[in-house]
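S.K.: Here's my sequence, what's the structure:
(chains A and B)
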Protein chains: 2
Amino acid sequence: VRAEGGVMNVSQLGEFGLIRRIAAQLPRYRDDVRAAVGDDVAVLGLDPGTCALATCDIQVEGVHFWRESITPQQLGRRAVAVNLSDIAAKGGTPEHLLISLALPADLEVSWVESLYVGLAEEASHYGVDIVGGNLSRTAGPIVVDVFLMGKASVEEVLLRSGARPGDVVLVTGWLGEAAAGLSLLKSGTGSVAEEWKHLLEAYLVPTPRVSEGRAIAATGRATAMVDLSDGLSSDVGHICEQSWVGVRLFAERLPVSDEVRHVTEAIGREGWELALEGGEDYELCLTVPGGAEEEVAAQVRERTGTQLTCVGEILKQEAGRWVVLPDGSEVPLRPLGWNHFATDGPPAAE
Amino acid sequence: VRAEGGVMNVSQLGEFGLIRRIAAQLPRYRDDVRAAVGDDVAVLGLDPGTCALATCDIQVEGVHFWRESITPQQLGRRAVAVNLSDIAAKGGTPEHLLISLALPADLEVSWVESLYVGLAEEASHYGVDIVGGNLSRTAGPIVVDVFLMGKASVEEVLLRSGARPGDVVLVTGWLGEAAAGLSLLKSGTGSVAEEWKHLLEAYLVPTPRVSEGRAIAATGRATAMVDLSDGLSSDVGHICEQSWVGVRLFAERLPVSDEVRHVTEAIGREGWELALEGGEDYELCLTVPGGAEEEVAAQVRERTGTQLTCVGEILKQEAGRWVVLPDGSEVPLRPLGWNHFATDGPPAAE
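M.R.: Residues are numbered from 1 along each chain as shown, chains lettered A, B, ... in the order given. Reported below is the predicted structural model:
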């Protein structure tokens, strides 16, 4: 992709293209770095037995949130939750966070205080201390940037690189909930029925699967894991890339709730489409050796109450990436999730 | 400060007022947290013998930099340098950093690549690995947010809280260089004489005093330390607040170079004014027991080649905070440095 005249801008290259370019020009890491640029979490083997984990995830007004459709308290919880989800995907335990804010000078102090109520609520709930940060002025949109540190045992930490042909693909919970919530939000919040309110909540304040991530790591059977921030079709691709494998997903097996089916009917789409392509569910997607899925699912359900669903299988890399549609046809899996520089990302709420 | 109608915005409350409000509403920390919100660096006593350090510092276009007056490579170096300075002020060793970027979709890829050249250059120079980060779109100004982690020995780590009456106040290097550089930049870069170019460089790409911070900590004599990001008149106040002490600075003792004197003459100000009030020098300000200053200065000069200058003395808290002007008069010390929500912050370059 190259614009006329040879000048390329970041939207033409896209988020992942830009990350690849950047990674290629960085110096080599020291031996203690096990995952870094290209992953959502840096895994630093600082001590024998324990890895340090570090991640950051930003909320930019007009891109990730709109002041009209989220309260500052919800935004605070969301900003922490999306970072917790990254640590969860490593099977790690979150510990300390820093908060970097860029705020317009005319923003009300009460808004910032409510934001902190949400930040502190979500952090406390997961045993995380807010230990610092930075405040800056901006003439632009509000920026809430969270930096989260945690740890994991070297033996249990899960990377994206361990999936092998013959493994199966599992996901936690339900998919497409956040995308259905966003679709409701865009259609006008006034008309949302009571039984659909939890879809809005799933989009606005996702639940990070921290206990589930720890429980999955503790089984010792998972070979790779990632959280579903961009959408399954996109995020499973991270496992494929870093594990050098292919994948086959089955649309009919994707866990879709009745509420999501109702919402998707109303907008003329299929439930599995939102489950496959909708981002921001912050569920976990993992691989385990074929045959181990029931044992792993049982252990995780027992420790956390959360279901795991088998949605696909890992293939050899040369077999490619596929999705079997409900009519039995098999089509190439395309990463249609959230790309932070693509023009087809979620538009602003009305 | 309260606006009509009882609604207050962040510029009325100011950066430090906002930080105090936020700190008051956060839950208590666990025992392993030694410095946190209200400090620039979180000091986490994770292991016996070693503290983990974590800090973040943001560069917002139109607030901290202007695309017309800094190259992306310089900006990359600057964004890392200001974070290194925070770790230096703890006497720590920087180790790993994450970079969070919010970029307009129409930004040229080559600009981002040059930014990374600068980020990687500065990080490598100080032995720091870039281990991850995040890329986001924004409809607003460019945001470069750096999160830096490091470590320090528990015995040597320097906080802001250890200064005692009878201590003296020392600073590294020269003061007012960055403010003089900014003043040159605002007057138009075309007219800058060769011998003043290093002032521009001091403003655009400050030199973090990492070796000096380590050398100071290694003397075992320093009682408190802070880096000069907001300006001496403001930053020495952080030591006063957290150590519960007063201070007396001597304007005539402030280390001001001939170049800064020339620049300040041209704009009708005194060199010591820029040294006292100008921000972004990123020198270190420390306290040592009275009588130890020559020994500490000699050790630091021997290890790093950098001079330390004695610029004041620590008083009891009730004695207040003062500055003795060159004419011998003593006036209250006011924090006139950079306040990120004040309207009197540095205006945009022409």
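
S.K.: Going by C-alpha atoms from here, please, whenever you check contacts or count neighbours.
M.R.: Noted.

S.K.: you'd agree residue A:99 is in a helix?
M.R.: No. Assigned with DSSP: H, G, I helix; E, B strand; the rest coil, residue A:99 falls outside any helix and is strand.

S.K.: List the single closest residue to the residue sitting nearest the centre point of chain A in space, sequence neighbours excluded.
M.R.: For chain A, the residue nearest the mean C-alpha position is residue A:229 (2.3 Å; CA atoms, centre = their mean). Closest residue to residue A:229 apart from its sequence neighbours, by CA to CA, 6 or more residues apart in numbering or on different chains: residue A:280 at 4.4 Å.

S.K.: What number of residues are in the vicinity of that neighbour?
M.R.: 26 (other CA atoms under 10 Å in any protein chain shown).

S.K.: That one in helix, strand or coil?
M.R.: coil.

S.K.: quick one: it and residue A:228 touch, right?
M.R.: Yes. Counting by CA atoms under 8 Å, residue A:228 is a contact partner of residue A:280 at 6.5 Å.

S.K.: Test for you: state the pLDDT assigned to residue A:267.
M.R.: On pLDDT, residue A:267 comes in at 81.

S.K.: Burial check on it, number of neighbours?
M.R.: Neighbours of residue A:267 under the rule other CA under 10 Å: 12.

S.K.: Quick check: the gap between it and residue A:256.
M.R.: 16 Å (CA to CA, to the nearest Å).

S.K.: same question, residue A:168
M.R.: 19 Å.

S.K.: and the two? which has more neighbours close in?
M.R.: Higher neighbour count among residue A:168 and residue A:256: residue A:168, with 26 against 19, using other CA under 10 Å.

S.K.: Now the more buried one. Nearest residue, chain neighbours left out?
M.R.: residue A:313 (4.1 Å).

S.K.: so when I look at the one you found, I'm seeing a strand, right?
M.R.: Yes. Under three-state DSSP, residue A:313 sits within a strand.

S.K.: so it bridges to which residues?
M.R.: With DSSP bridges as the criterion, residue A:313 is bridged to residue A:168, residue A:248.

S.K.: Enumerate every residue touching it.
M.R.: A:165-169, A:247-249 (CA atoms under 8 Å, 6 or more residues apart in numbering or on different chains).

S.K.: what ranges do the helices span in chain A?
M.R.: Listed in chain order, the helices of chain A (DSSP state H) span A:10-13, A:15-25, A:72-88, A:109-125, A:177-186, A:197-204, A:210-219, A:232-243, A:258-266, A:271-277, A:293-304.

S.K.: Would you point to the one among those that's packed deepest?
M.R.: Burial of those is given as mean neighbour count (mean count of other CA atoms under 10 Å in any protein chain shown); helix A:72-88 ranks first at a mean of 27.

S.K.: Now do it and helix A:109-125, the angle between them.
M.R.: 30 degrees (axes from the mean of the first three to the mean of the last three CA atoms, to 10 degrees).

S.K.: Now do helix A:72-88: which elements does it pack against?
M.R.: Contacts defined by 3 or more CA pairs under 8 Å, 6 or more residues apart in numbering or on different chains; DSSP states H and E place helix A:72-88 against strand A:50-60, strand A:93-103, helix A:109-125, strand A:143-153, helix A:197-204, helix A:210-219, strand A:224-227.

S.K.: Mind checking the ones you listed for the one nearest to chain B?
M.R.: Ranking those by distance to chain B, with CA to the nearest CA as the measure, places helix A:109-125 first at 5.0 Å.

S.K.: Alpha carbons of that closest one, as PDB, please.
M.R.: Extracted C-alpha coordinates of helix A:109-125, given in PDB (Å, rounded to 0.1, in the frame of the first residue of the first chain):
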ATOM      1  CA  VAL A 109     -12.700  18.700  38.000                       C
ATOM      2  CA  SER A 110     -15.700  16.600  39.000                       C
ATOM      3  CA  TRP A 111     -15.300  14.600  35.700                       C
ATOM      4  CA  VAL A 112     -11.700  13.800  36.600                       C
ATOM      5  CA  GLU A 113     -12.700  12.800  40.100                       C
ATOM      6  CA  SER A 114     -15.400  10.400  38.800                       C
ATOM      7  CA  LEU A 115     -12.800   9.000  36.400                       C
ATOM      8  CA  TYR A 116     -10.600   8.200  39.300                       C
ATOM      9  CA  VAL A 117     -13.500   6.600  41.200                       C
ATOM     10  CA  GLY A 118     -13.800   4.200  38.300                       C
ATOM     11  CA  LEU A 119     -10.100   3.700  38.000                       C
ATOM     12  CA  ALA A 120      -9.700   3.000  41.700                       C
ATOM     13  CA  GLU A 121     -12.800   0.700  41.800                       C
ATOM     14  CA  GLU A 122     -11.600  -1.500  39.000                       C
ATOM     15  CA  ALA A 123      -8.000  -1.600  40.300                       C
ATOM     16  CA  SER A 124      -9.100  -2.500  43.900                       C
ATOM     17  CA  HIS A 125     -11.400  -5.200  42.700                       C
END
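
S.K.: What about the closest residue to residue A:179 other than its chain neighbours? Give its phi and psi, please.
M.R.: Closest residue to residue A:179 apart from its sequence neighbours, by CA to CA, 6+ apart: residue A:278 at 5.1 Å. With angles defined as degrees, to the nearest 10, residue A:278 sits at phi -70, psi 140.

S.K.: Report the separation between residue A:278 and residue A:236.
M.R.: Applying CA to CA to residue A:278 and residue A:236 gives a distance of 13 Å.

S.K.: What of residue A:14?
M.R.: To residue A:236, residue A:14 is 18 Å away according to CA to CA.

S.K.: residues near residue A:143, how many?
M.R.: 25.

S.K.: where does chain A have low pLDDT?
M.R.: Residue ranges of chain A with pLDDT under 70: A:1-6, A:28-38, A:46, A:189-191, A:337-350.

S.K.: switch the cut-off to 50
M.R.: Within chain A, the segments meeting pLDDT under 50 span A:1-4, A:340, A:342-350.

S.K.: separation between the closest residue to residue A:152 other than its chain neighbours and residue A:42?
M.R.: Distances taken as CA to CA, 6+ apart place residue A:92 nearest to residue A:152, at 4.5 Å, with adjacent residues excluded. Separation of residue A:92 from residue A:42 (CA to CA) stands at 12 Å.

S.K.: what do these two both touch?
M.R.: Overlap of the contact sets of residue A:92 and residue A:42 (by CA under 8 Å, 6+ apart) consists of residue A:53.

S.K.: List the contacts of residue A:192.
M.R.: residue A:184.

S.K.: State the distance from residue A:20 to chain B.
M.R.: As judged by CA to the nearest CA, to the nearest Å, residue A:20 and chain B stand 11 Å apart.

S.K.: check contacts around residue A:331.
M.R.: Residues in contact with residue A:331 (CA under 8 Å, 6+ apart) are A:322-325.

S.K.: Inside strands: which ones of the residues you listed?
M.R.: A:322-324 (DSSP state E).

S.K.: Now flag whichever of those is closest to residue B:74.
M.R.: Comparing the ones in strands among the contacts of residue A:331 against residue B:74 with CA to CA picks out residue A:322 as the nearest, at 44.8 Å.

S.K.: and that closest one, how many residues sit next to it?
M.R.: 20.

S.K.: what do you get for the one 4 residues further on?
M.R.: Counted by other CA under 10 Å, the residues lying close to residue A:326 total 12.

S.K.: For it, grab phi and psi.
M.R.: According to degrees, to the nearest 10, residue A:326 has phi -60, psi -30.

S.K.: right, and it touches residue A:251 too?
M.R.: Yes. At 6.0 Å, residue A:326 counts as touching residue A:251 under the criterion of CA under 8 Å.

S.K.: returning to what we had before: in JSON lines: the ones in strands among the contacts of residue A:331, plus distance to chain B.
M.R.: Converted to JSON lines, those look like this (distance: CA to the nearest CA, whole Å):
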{"residue": "A:322", "distance to chain B": "28"}
{"residue": "A:323", "distance to chain B": "28"}
{"residue": "A:324", "distance to chain B": "32"}
